[in-house]
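Novice: Give me the fold of what follows.
(one chain, ligands or ions: 2)
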Amino acid sequence: MSLAQLVAPEAAQSLHIAPAHHMLDYDAAPASIRLRAVEQSFQMRKGPRLVALSNIHLDIQAGEFLCIVGPSGCGKSSLLSLIAGLSFPTNGEVHVNDRVVTGPGPDRILIFQEHGLFPWLTVGQNVEFGMHMMGLGRRKRRERAEQYLQLVHLNGFRDSYIHQLSGGMRQRVAIARALATQPSVLLMDEPFAALDAQTRDMLHDELERIWKETGCTIIFVTHNVREAVRLGSRVILMTYRPGTICSQMDIVLPRPRRMDDPRVALLAREILDELREEINKAVASEYDHVSHS
Ligand SMILES: Nc1ncnc2c1ncn2[C@@H]1O[C@H](COP(=O)(O)OP(=O)(O)O)[C@@H](O)[C@H]1O
Ligand SMILES: [Mg+2]
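Specialist: Numbers count the residues shown, from 1 in each chain. Ligands and ions are numbered 1, 2, ... in the order given. Next up, the predicted model:
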(Lines give C-alpha, C1' and ligand atoms only; values in the text may rest on other atoms or scores of the structure.)
(Ligands and ions follow the chains in the order given, each with its own letter.)
Protein backbone atom coordinates (compact mmCIF):
# COMPACT_ATOMS: atom_id res chain seq x y z
CA MET A 1 0.00 0.00 0.00
CA SER A 2 1.38 3.43 -0.86
CA LEU A 3 1.35 6.47 1.37
CA ALA A 4 -1.25 8.19 -0.85
CA GLN A 5 -3.67 5.29 -0.46
CA LEU A 6 -3.44 5.59 3.28
CA VAL A 7 -4.63 9.16 3.32
CA ALA A 8 -8.38 9.36 3.46
CA PRO A 9 -9.94 12.58 2.10
CA GLU A 10 -11.40 13.45 5.51
CA ALA A 11 -7.90 13.19 6.95
CA ALA A 12 -6.66 16.04 4.83
CA GLN A 13 -9.48 18.21 6.21
CA SER A 14 -8.69 17.28 9.80
CA LEU A 15 -5.39 19.11 9.41
CA HIS A 16 -7.23 22.40 9.22
CA ILE A 17 -9.29 22.10 12.38
CA ALA A 18 -9.20 25.50 14.01
CA PRO A 19 -8.03 25.42 17.61
CA ALA A 20 -10.99 25.86 19.93
CA HIS A 21 -9.80 28.96 21.78
CA HIS A 22 -13.24 29.56 23.22
CA MET A 23 -12.93 26.55 25.50
CA LEU A 24 -10.02 27.99 27.42
CA ASP A 25 -8.93 31.51 28.08
CA TYR A 26 -5.55 31.07 26.46
CA ASP A 27 -4.17 34.46 25.53
CA ALA A 28 -0.91 33.54 23.85
CA ALA A 29 -0.82 33.45 20.06
CA PRO A 30 1.18 30.50 18.72
CA ALA A 31 4.66 31.36 17.47
CA SER A 32 6.48 30.37 14.30
CA ILE A 33 10.10 29.25 14.44
CA ARG A 34 12.85 29.43 11.87
CA LEU A 35 16.31 27.91 11.94
CA ARG A 36 18.80 28.90 9.29
CA ALA A 37 22.11 27.12 8.67
CA VAL A 38 22.32 26.24 12.34
CA GLU A 39 25.44 24.55 13.58
CA GLN A 40 26.15 23.57 17.16
CA SER A 41 29.55 22.24 18.14
CA PHE A 42 31.21 21.60 21.47
CA GLN A 43 34.88 21.76 22.42
CA MET A 44 35.73 18.45 24.05
CA ARG A 45 38.41 18.14 26.72
CA LYS A 46 40.51 16.14 24.32
CA GLY A 47 40.21 15.64 20.58
CA PRO A 48 38.51 17.77 17.95
CA ARG A 49 35.29 19.75 18.40
CA LEU A 50 32.19 17.60 18.47
CA VAL A 51 29.73 18.76 15.83
CA ALA A 52 26.33 18.01 17.35
CA LEU A 53 24.17 19.82 14.79
CA SER A 54 25.07 20.80 11.26
CA ASN A 55 23.32 22.78 8.54
CA ILE A 56 19.87 22.75 10.13
CA HIS A 57 17.26 24.57 8.08
CA LEU A 58 13.81 24.30 9.58
CA ASP A 59 10.58 26.27 9.37
CA ILE A 60 7.92 25.50 11.93
CA GLN A 61 4.52 27.05 11.42
CA ALA A 62 2.62 28.74 14.21
CA GLY A 63 0.32 26.15 15.76
CA GLU A 64 2.09 23.18 14.21
CA PHE A 65 2.58 19.90 16.09
CA LEU A 66 6.08 18.93 15.00
CA CYS A 67 7.73 15.70 16.09
CA ILE A 68 11.47 15.15 15.87
CA VAL A 69 12.89 11.63 15.77
CA GLY A 70 16.44 10.37 15.50
CA PRO A 71 18.87 8.05 17.26
CA SER A 72 20.23 8.79 20.69
CA GLY A 73 22.98 11.42 20.51
CA CYS A 74 21.85 12.95 17.20
CA GLY A 75 21.28 16.37 18.73
CA LYS A 76 17.53 16.42 19.46
CA SER A 77 17.92 17.89 22.93
CA SER A 78 20.52 20.35 21.64
CA LEU A 79 18.02 21.55 19.05
CA LEU A 80 15.31 22.14 21.67
CA SER A 81 17.80 23.92 23.88
CA LEU A 82 18.61 26.34 21.05
CA ILE A 83 14.93 27.14 20.50
CA ALA A 84 14.44 27.52 24.27
CA GLY A 85 17.32 30.02 24.26
CA LEU A 86 19.22 27.98 26.85
CA SER A 87 22.16 27.72 24.45
CA PHE A 88 23.27 29.50 21.31
CA PRO A 89 24.30 28.16 17.92
CA THR A 90 27.97 28.14 16.97
CA ASN A 91 26.83 29.32 13.54
CA GLY A 92 23.51 30.24 11.98
CA GLU A 93 20.37 31.77 13.43
CA VAL A 94 17.32 30.79 15.43
CA HIS A 95 14.24 33.00 15.07
CA VAL A 96 10.97 32.92 16.97
CA ASN A 97 8.30 35.04 15.30
CA ASP A 98 10.98 36.65 13.11
CA ARG A 99 13.04 37.72 16.12
CA VAL A 100 16.47 36.29 16.89
CA VAL A 101 16.44 34.22 20.07
CA THR A 102 18.64 35.98 22.61
CA GLY A 103 17.80 33.88 25.67
CA PRO A 104 15.03 32.00 27.42
CA GLY A 105 11.60 33.60 27.75
CA PRO A 106 8.16 32.80 29.12
CA ASP A 107 6.90 32.41 25.55
CA ARG A 108 8.82 29.09 25.25
CA ILE A 109 8.56 26.38 27.88
CA LEU A 110 10.58 23.17 27.99
CA ILE A 111 9.18 19.97 29.52
CA PHE A 112 11.46 17.00 30.21
CA GLN A 113 11.08 13.39 31.19
CA GLU A 114 12.12 14.45 34.69
CA HIS A 115 9.21 16.72 35.39
CA GLY A 116 11.11 19.02 37.76
CA LEU A 117 8.25 19.49 40.22
CA PHE A 118 8.95 20.66 43.77
CA PRO A 119 8.27 17.94 46.36
CA TRP A 120 7.79 20.46 49.19
CA LEU A 121 4.93 22.22 47.37
CA THR A 122 1.41 20.97 46.77
CA VAL A 123 0.12 20.29 43.27
CA GLY A 124 -1.65 23.66 43.28
CA GLN A 125 1.44 25.50 44.51
CA ASN A 126 3.55 23.79 41.85
CA VAL A 127 1.19 24.95 39.13
CA GLU A 128 1.19 28.47 40.58
CA PHE A 129 4.98 28.58 40.76
CA GLY A 130 5.63 29.60 37.14
CA MET A 131 2.91 32.25 37.31
CA HIS A 132 4.45 33.53 40.55
CA MET A 133 7.76 33.94 38.73
CA MET A 134 5.95 35.94 36.08
CA GLY A 135 4.56 38.25 38.73
CA LEU A 136 0.90 37.28 38.45
CA GLY A 137 -1.26 38.23 41.40
CA ARG A 138 -2.60 35.71 43.89
CA ARG A 139 -6.16 35.68 42.64
CA LYS A 140 -5.21 35.29 39.02
CA ARG A 141 -2.83 32.46 39.97
CA ARG A 142 -5.49 30.63 41.93
CA GLU A 143 -8.01 31.02 39.15
CA ARG A 144 -5.66 29.81 36.44
CA ALA A 145 -4.24 26.94 38.52
CA GLU A 146 -7.77 25.68 38.92
CA GLN A 147 -8.47 26.04 35.22
CA TYR A 148 -5.31 24.25 34.11
CA LEU A 149 -5.60 21.48 36.67
CA GLN A 150 -9.05 20.93 35.28
CA LEU A 151 -7.57 20.82 31.78
CA VAL A 152 -5.37 17.87 32.79
CA HIS A 153 -8.14 16.31 34.91
CA LEU A 154 -6.42 16.82 38.25
CA ASN A 155 -8.71 19.36 39.90
CA GLY A 156 -9.30 16.96 42.79
CA PHE A 157 -5.58 16.89 43.62
CA ARG A 158 -4.81 20.55 44.24
CA ASP A 159 -3.76 19.98 47.84
CA SER A 160 -1.89 16.71 47.29
CA TYR A 161 1.88 16.46 47.39
CA ILE A 162 3.89 15.19 44.43
CA HIS A 163 4.92 11.93 46.14
CA GLN A 164 1.24 11.02 46.43
CA LEU A 165 0.83 11.01 42.63
CA SER A 166 1.59 8.41 39.95
CA GLY A 167 4.17 9.09 37.23
CA GLY A 168 1.49 9.99 34.70
CA MET A 169 -0.20 12.38 37.12
CA ARG A 170 3.11 14.09 37.85
CA GLN A 171 3.72 14.61 34.16
CA ARG A 172 0.23 16.13 33.89
CA VAL A 173 1.03 18.52 36.75
CA ALA A 174 4.18 19.53 34.85
CA ILE A 175 2.09 20.15 31.73
CA ALA A 176 -0.45 22.19 33.72
CA ARG A 177 2.34 24.25 35.30
CA ALA A 178 3.88 24.93 31.89
CA LEU A 179 0.59 25.84 30.23
CA ALA A 180 -0.61 28.06 33.07
CA THR A 181 2.04 30.57 32.06
CA GLN A 182 0.49 30.49 28.59
CA PRO A 183 3.53 29.93 26.40
CA SER A 184 3.37 30.30 22.62
CA VAL A 185 5.61 27.29 22.16
CA LEU A 186 5.72 24.06 24.14
CA LEU A 187 9.04 22.23 23.79
CA MET A 188 8.83 18.62 24.92
CA ASP A 189 11.93 16.43 25.29
CA GLU A 190 10.91 12.75 25.47
CA PRO A 191 8.34 13.67 28.14
CA PHE A 192 6.59 10.29 28.24
CA ALA A 193 9.59 7.98 27.79
CA ALA A 194 9.50 6.71 31.37
CA LEU A 195 5.76 6.00 31.50
CA ASP A 196 3.99 2.68 31.03
CA ALA A 197 2.09 2.15 27.77
CA GLN A 198 -1.45 2.77 29.11
CA THR A 199 -0.47 5.97 30.88
CA ARG A 200 1.40 7.16 27.82
CA ASP A 201 -1.59 6.48 25.53
CA MET A 202 -3.78 8.50 27.88
CA LEU A 203 -1.32 11.38 27.89
CA HIS A 204 -1.21 11.34 24.10
CA ASP A 205 -4.98 11.87 24.03
CA GLU A 206 -4.67 14.58 26.62
CA LEU A 207 -1.81 16.38 24.87
CA GLU A 208 -3.62 16.30 21.53
CA ARG A 209 -6.71 17.81 23.10
CA ILE A 210 -4.62 20.47 24.86
CA TRP A 211 -2.91 21.31 21.58
CA LYS A 212 -6.30 21.86 19.96
CA GLU A 213 -7.65 23.90 22.86
CA THR A 214 -4.61 26.15 23.30
CA GLY A 215 -3.54 26.31 19.66
CA CYS A 216 0.08 26.55 20.79
CA THR A 217 3.02 25.36 18.71
CA ILE A 218 4.34 22.03 19.98
CA ILE A 219 7.78 20.63 19.24
CA PHE A 220 7.94 17.10 20.55
CA VAL A 221 11.16 15.10 20.62
CA THR A 222 11.01 11.33 20.88
CA HIS A 223 13.02 8.28 19.85
CA ASN A 224 9.72 6.39 19.54
CA VAL A 225 8.69 6.70 15.88
CA ARG A 226 5.21 5.34 16.52
CA GLU A 227 4.64 8.02 19.13
CA ALA A 228 5.79 10.61 16.59
CA VAL A 229 3.28 9.37 14.01
CA ARG A 230 0.55 9.18 16.66
CA LEU A 231 1.01 12.85 17.58
CA GLY A 232 2.67 14.86 14.87
CA SER A 233 1.29 16.83 11.95
CA ARG A 234 4.80 16.45 10.62
CA VAL A 235 7.74 14.28 11.59
CA ILE A 236 11.35 15.37 11.08
CA LEU A 237 14.02 12.65 10.80
CA MET A 238 17.56 13.33 11.97
CA THR A 239 20.89 11.70 11.18
CA TYR A 240 23.46 10.67 13.73
CA ARG A 241 26.43 12.98 14.30
CA PRO A 242 26.58 15.47 12.96
CA GLY A 243 22.85 15.81 13.47
CA THR A 244 21.22 16.98 10.28
CA ILE A 245 17.64 16.78 9.04
CA CYS A 246 17.65 13.99 6.46
CA SER A 247 13.97 13.64 5.74
CA GLN A 248 10.47 14.62 6.80
CA MET A 249 6.96 13.28 6.52
CA ASP A 250 3.60 15.04 6.74
CA ILE A 251 1.20 12.90 8.74
CA VAL A 252 -2.33 13.41 7.48
CA LEU A 253 -4.05 10.48 9.15
CA PRO A 254 -7.28 11.53 10.88
CA ARG A 255 -7.19 12.40 14.58
CA PRO A 256 -7.35 11.17 17.22
CA ARG A 257 -4.98 8.42 16.13
CA ARG A 258 -4.17 5.29 18.02
CA MET A 259 -0.73 3.83 18.60
CA ASP A 260 -1.99 0.39 17.52
CA ASP A 261 -3.69 1.65 14.34
CA PRO A 262 -2.15 -0.32 11.42
CA ARG A 263 -1.79 2.88 9.40
CA VAL A 264 0.24 4.42 12.23
CA ALA A 265 2.33 1.26 12.42
CA LEU A 266 2.96 1.30 8.68
CA LEU A 267 4.16 4.91 8.61
CA ALA A 268 6.29 4.25 11.69
CA ARG A 269 7.86 1.31 9.86
CA GLU A 270 8.67 3.54 6.86
CA ILE A 271 10.34 6.05 9.15
CA LEU A 272 12.24 3.35 10.99
CA ASP A 273 13.49 1.91 7.70
CA GLU A 274 14.83 5.33 6.76
CA LEU A 275 16.47 5.74 10.15
CA ARG A 276 17.92 2.23 10.37
CA GLU A 277 21.39 3.14 9.16
CA GLU A 278 21.59 6.13 11.51
CA ILE A 279 20.46 4.05 14.47
CA ASN A 280 23.13 1.46 13.64
CA LYS A 281 25.76 4.22 13.57
CA ALA A 282 24.63 5.43 16.99
CA VAL A 283 24.71 1.93 18.45
CA ALA A 284 28.12 1.19 16.87
CA SER A 285 29.51 4.40 18.32
CA GLU A 286 28.30 3.51 21.81
CA TYR A 287 29.86 0.04 21.55
CA ASP A 288 33.03 1.64 20.30
CA HIS A 289 33.18 3.77 23.45
CA VAL A 290 32.61 0.72 25.61
CA SER A 291 35.35 -1.33 23.93
CA HIS A 292 37.86 1.54 24.27
CA SER A 293 37.21 2.30 27.89
N1 LIG B 1 27.00 20.86 26.66
C2 LIG B 1 27.58 19.90 25.95
N3 LIG B 1 28.92 19.75 25.92
C4 LIG B 1 29.50 18.79 25.17
N5 LIG B 1 28.84 17.93 24.40
C6 LIG B 1 27.50 18.02 24.37
C7 LIG B 1 26.79 18.99 25.14
N8 LIG B 1 25.46 18.84 24.91
C9 LIG B 1 25.36 17.81 24.04
N10 LIG B 1 26.57 17.32 23.72
C11 LIG B 1 26.83 16.21 22.77
O12 LIG B 1 26.13 16.52 21.58
C13 LIG B 1 25.58 15.34 21.01
C14 LIG B 1 24.07 15.51 20.88
O15 LIG B 1 23.50 15.45 22.20
P16 LIG B 1 21.95 15.58 22.46
O17 LIG B 1 21.45 16.84 21.87
O18 LIG B 1 21.75 15.40 23.92
O19 LIG B 1 21.38 14.32 21.66
P20 LIG B 1 19.97 13.58 21.77
O21 LIG B 1 19.07 14.43 22.59
O22 LIG B 1 19.52 13.42 20.35
O23 LIG B 1 20.23 12.24 22.40
C24 LIG B 1 25.99 14.20 21.91
O25 LIG B 1 27.12 13.59 21.38
C26 LIG B 1 26.31 14.88 23.24
O27 LIG B 1 27.26 14.16 23.96
MG1 LIG C 1 18.01 13.99 24.34
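Novice: Show me what from the protein comes close to ligand 1.
Specialist: Within the chain, the positions near ligand 1 by CB under 6 Å from any ligand atom are 42, 50, 52, 70, 72-78. Yep, even glycine has a C-beta here, placed from its N, CA and C like the rest.
Novice: Just give me the closest of these to ligand 2.
Specialist: Ser77 (3.2 Å; CB to the ion).
Novice: Now for the closest one: which residues touch it?
Specialist: 189, 221 (CB atoms under 8 Å, 6 or more residues apart in numbering).
Novice: how many neighbours does Ile245 have?
Specialist: 19 (other CB atoms under 10 Å).
Novice: correct me, but it touches Leu58?
Specialist: Yes. When contacts are counted by CB atoms under 8 Å, Ile245 is listed as touching Leu58 (6.4 Å).
Novice: Now Gly63. Nearest residue, chain neighbours left out?
Specialist: Pro30 (4.1 Å; CB to CB, 6 or more residues apart in numbering).
Novice: For that neighbour, what are phi and psi?
Specialist: Taking degrees, to the nearest 10, you get phi -60, psi 150 for the backbone angles of Pro30.
Novice: same check, this time on the one 3 residues further on
Specialist: Dihedral pair for Ile33: phi -130, psi 140, per degrees, to the nearest 10.
Novice: List the contacts of it.
Specialist: Taking CB under 8 Å, 6+ apart as the test, what Ile33 contacts is 58-60, 83, 94-96, 185, 217, 219.
Novice: buried subset of those residues?
Specialist: By neighbour count, with 16 or more other CB atoms under 10 Å, the contacts of Ile33 hold 58, 60, 83, 94-96, 185, 217, 219 as buried.
Novice: and of those residues, the nearest to Glu227?
Specialist: Using CB to CB, Ile219 comes nearest to Glu227 of these, at 13.9 Å.
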